[in-house]
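[1] build me a model from this:
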Amino acid sequence: MTPILLRLRTAALRSSSSDPAIAFPVIASRIAIATFLAALWLASFAETASAAPADASGNAFARRVSQALEAKALRGAKVGVLVVDDADGSVVFARDPDRALTPASNLKVLTALATLNAFGPTHSFTTRVFADAPPDSEGAVGTLTIQGGGDPGLTSEDLWRLAADLHRIGVRRVRGGIAIDDSLFDGERWHPSWLPTSARAYHAPVGALMANYGAFAVVVRGAERNGAPLEVTVDPPIPFFRIANRTKTGSRRALVVDRRAVGEAEEVVVGGSWPRDSDRTFYRSVLDPAGYAAGVLRFQLEGLGIAVEGGTKRASVSPEATELLAFEGRPVSSVVRRFLKFSSNPIGEALVKSLDVQANGVPGSWKGGVIEVRRQLESLGLPTDGLVQVDGSGLSYENRVTPRLLVAALRTGAHSFAYGPEFLSGLPIGGADGTLAKRAEVAGAAVRAKTGLLTRVTGLTGLARRRDGTTLAFSIVVNGFRGGASEAMDAVDAFAATLVAER
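    Model (predicted):
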């Protein structure tokens, strides 16, 4: 099997995705972003006065920034901006910095900060494995129960390591199948405000046991002659996926790739037409994150010579069960870095529910998690006036955040001795990596910033290093732009380039 690797590239689309390039880190060496077709922009926004009209001061820098904000792509939009000197927090430029706007994935700055503050950078989420008894003389156990610990970063490679650890302690046969215990979180997989959801990978469901960010790849290739079915493969190639190939090779590029539950498995339904000798990869989310994770684990166990008999079922860990393994995932610092760098939606939602578990106990929920995010922010003295948060990723249009809070959160995270380096390492670098790999190329590495994009919403929150050596902290949030997403992002990138230019 091709290893499922965290590979992130931001070339894909400059249209409507939850970030301009990758809305989440997904799976396989070929993974890239899927198109984000969000709901039409319908919300209205509260009007608040600018608390610091620095753009009216008449200095050359303010005039250039104001001019950048007059770009055609931003005309008619609601725009909130705050730029401060990162050294002392003094306002350099402001335009409606206290206006509460839909932030899209800029919201991830708040979730990341709350996570690091609550757990610390070295904390790891633990996935536990139980059996009814230790392996017998032949290495056999009854039912193998996998208890999810809320780790949003488990990949196929991690589950291979987990399976290898079981092999190392003597497990050679599982006679009673695999049981899943994902009771650490509630059963709500998709936030109600996201509805309707799609099969796209950025809409992956959330669970306490997940693998590969709840996503998989579907590769299609046209046959050598017209009329013949396409070649369709799925990565990871596990029995959990069953392919329903309803395609034919032809001149049109018109494919529909979906999935539906079929018992313990999921059927990947591919229909339509695709040209000869041409291929394409589609990225889709699963319906059952825990069942998917169990399917990957079964595949890895069998690949290591551990026979697995029986099916997959849901069951809580018995009080009499024997713990065989406590598998620690990557530290929170690494999870948060992926979350910010590649704007992973499922990571954000799992982190919010884990915050609820830590604060209030099982099961973790969105409702309790976002309350805990706010509590963490307020414990740091941040200005939460106007904050409305309903999820952890920013997918919801119901979220509201002010540029003032985003800048304050960014500076608090960046300046923290406890986790500042870990926080900063997650910010995408202009023109170089993450969701800015093919954006902000004029500013280049002088800008490190979190992106955000929904239909009619975009933004950028980060740090800009000026040529005189000073560093600016900034946030720009745009709601209701009328043109294309690509033009709006270009205008935001031009604003960032203005910040790093000479005074």
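[2] drop to CA atoms for contacts and neighbour counts, all remaining ones
    OK.
[3] show me what contacts L406?
    Residues in contact with L406 (Cα atoms under 8 Å, 6 or more residues apart in numbering) are N106, L107, V109, L110, T461, S475.
[4] now, of the residues you listed, which are buried?
    Burial of these was assessed by neighbour count (16 or more other Cα atoms under 10 Å); the buried members are N106, L107, V109, L110, T461, S475.
[5] now the first one, nearest residue through space, not along the chain?
    Put plainly, it is N106. Leaving aside its chain neighbours, N106 sits nearest to G452 (5.2 Å; criterion: Cα to Cα, 6 or more residues apart in numbering).
[6] shaky segments in this structure?
    Across the chain, the stretches falling below the confidence threshold (pLDDT under 70) are 1-58, 502-503.
[7] nearest residue to the middle of it?
    To find the centre residue of the chain, average its C-alpha atoms and take the closest one (Cα atoms, centre = their mean): that gives S344, at 1.1 Å.
[8] pretty sure it is in contact with R337, am I right?
    No: in this structure, S344 sits apart from R337 without contact. The criterion is Cα atoms under 8 Å, and the distance is 9.9 Å.
[9] about what we covered before: the buried ones among the contacts of L406 into TSV, with extra columns for distance to A326 and secondary structure?
    What follows is these, written out as TSV (distance: Cα to Cα, whole Å; DSSP: H, G, I helix; E, B strand; the rest coil):
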residue	distance to A326	secondary structure
N106	34	helix
L107	32	helix
V109	30	helix
L110	30	helix
T461	38	strand
S475	41	strand
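[10] looking at the residues you listed, which is nearest F61?
    Distance ranking of those against F61, using Cα to Cα, places S475 first at 16.5 Å.
[11] dig out what that closest one forms beta bridges with.
    Residues in a beta bridge with S475, per DSSP bridges, are L82, T461.
[12] how about the contacts made by it?
    G80, V81, L82, V83, P403, R404, L406, V407, G459, L460, T461, G462.
[13] report how many residues lie close to the third one.
    Okay, so that is L82. Number of residues near L82 (other Cα atoms under 10 Å) recorded here: 28.
[14] out of the buried ones among the contacts of L406, which two sit at the greatest distance?
    Of all pairs drawn from those, the one with the longest distance (Cα to Cα) is L110 and S475, at 12.8 Å.
[15] in terms of secondary structure, what does the helix or strand where S334 lies contact?
    In this assignment (DSSP states H and E), S334 forms part of helix 332-341. Judged by 3 or more Cα pairs under 8 Å, 6 or more residues apart in numbering; DSSP states H and E, helix 332-341 is in contact with helix 108-119, helix 345-360, helix 420-425.
[16] and those: which comes nearest L162?
    Ranking those by proximity to L162 (Cα to Cα) places helix 345-360 first, at 20.2 Å.
[17] in the closest one, what counts as buried?
    Using 16+ other Cα under 10 Å, the residues of helix 345-360 that count as buried are 345-357.
[18] again with stretch 111-125
    Neighbour counts using 16+ other Cα under 10 Å place 111-121, 124-125 of stretch 111-125 among the buried residues.
[19] what is the nearest of those to E398?
    T111 (15.7 Å).
[20] would you check that L395 makes contact with S105?
    Yes: with contact defined as Cα under 8 Å, L395 counts as touching S105 (7.0 Å).
[21] ok so, going back, distance to F61 added to the helices and strands packed on helix 332-341, as TSV?
    Formatted as TSV, the entries for those read as follows, by distance: least, Cα to Cα, whole Å:
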stretch	distance to F61
helix 108-119	27
helix 345-360	36
helix 420-425	26
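[22] show me the one of the ones you listed that comes nearest N245.
    When these are compared by Cα to Cα, helix 345-360 sits nearest N245, at 28.4 Å.
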